[in-house]
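In: 3D, please:
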Amino acid sequence: MEATLSAIEVTGTIDADHHLHLDTTLPISGPRRVRVIVLYPPEELSETEWLQAAAQNPAFHFLHDPVEDIYSVTDGKPFHDEV
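Out: Here you go, the predicted model:
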């Protein structure tokens, strides 16, 4: 039979030595083994890096096919935002 796990959420910081430091004490007594899942935001990419990644992504290679080029600069009407 598999044990049921409980979860709590706390925040912390990872230092230069790759150690995790929690912002608060845990509400459970120890010593005891725990499983840790670390969630962190991805590093921010610059707009140039995003554009380069999109331009090199093979998912968009189909756009180089001339059959996909269905619009021209003369299609549509100009849009002027009236702010």
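In: hey, let's count contacts and neighbours off CA atoms from now on
Out: Will do.
In: Now do the contacts for the residue of the chain positioned farthest from its centre.
Out: No residue in the chain sits farther from the centre than Thr74, which is 37.5 Å out by CA atoms, centre = their mean. For Thr74, the contact set (CA atoms under 8 Å, 6 or more residues apart in numbering) is empty.
In: Correct me if wrong, but it is in a helix.
Out: No: going by DSSP: H, G, I helix; E, B strand; the rest coil, the assignment for Thr74 is coil, not a helix.
In: Residues in contact with stretch 43-53: which ones?
Out: By CA under 8 Å, 6+ apart, the list of residues contacting stretch 43-53 is empty.
In: tally of neighbours for the closest residue to Phe60 other than its chain neighbours?
Out: Leaving out its chain neighbours, the residue that sits closest to Phe60 by CA to CA, 6 or more residues apart in numbering is Ala54, at 7.6 Å. Ala54: 12 surrounding residues under other CA atoms under 10 Å.
In: Ok, the one 3 residues further on next?
Out: Here the count is done by other CA under 10 Å, and Asn57 has 10 residues near it.
In: Same question for Leu20.
Out: Applying other CA under 10 Å, we find 13 residues neighbouring Leu20.
In: ok, now how distant is it from Ile8?
Out: Separation of Leu20 from Ile8 (CA to CA, to the nearest Å): 16 Å.
In: sorry, back to before: and the residue nearest to Phe60, that one's in a helix?
Out: Yes: assessed with three-state DSSP, Ala54 lies in a helix.
In: Just the strands from this structure, written as ranges.
Out: Per DSSP state E, the chain carries strands over the ranges 12-14, 20-22.
In: Distance to Leu63 and mean pLDDT added to those, as TSV?
Out: Below are these laid out as TSV (distance: least, CA to CA, whole Å; pLDDT from 0 to 100):
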stretch	distance to Leu63	mean pLDDT
strand 12-14	42	92
strand 20-22	45	94
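In: Among those, which comes closest to Pro58?
Out: Ranking those by proximity to Pro58 (CA to CA) places strand 12-14 first, at 34.8 Å.
In: Please name every helix or strand in contact with the closest one.
Out: Secondary-structure packing of strand 12-14 (3 or more CA pairs under 8 Å, 6 or more residues apart in numbering; DSSP states H and E): strand 20-22.
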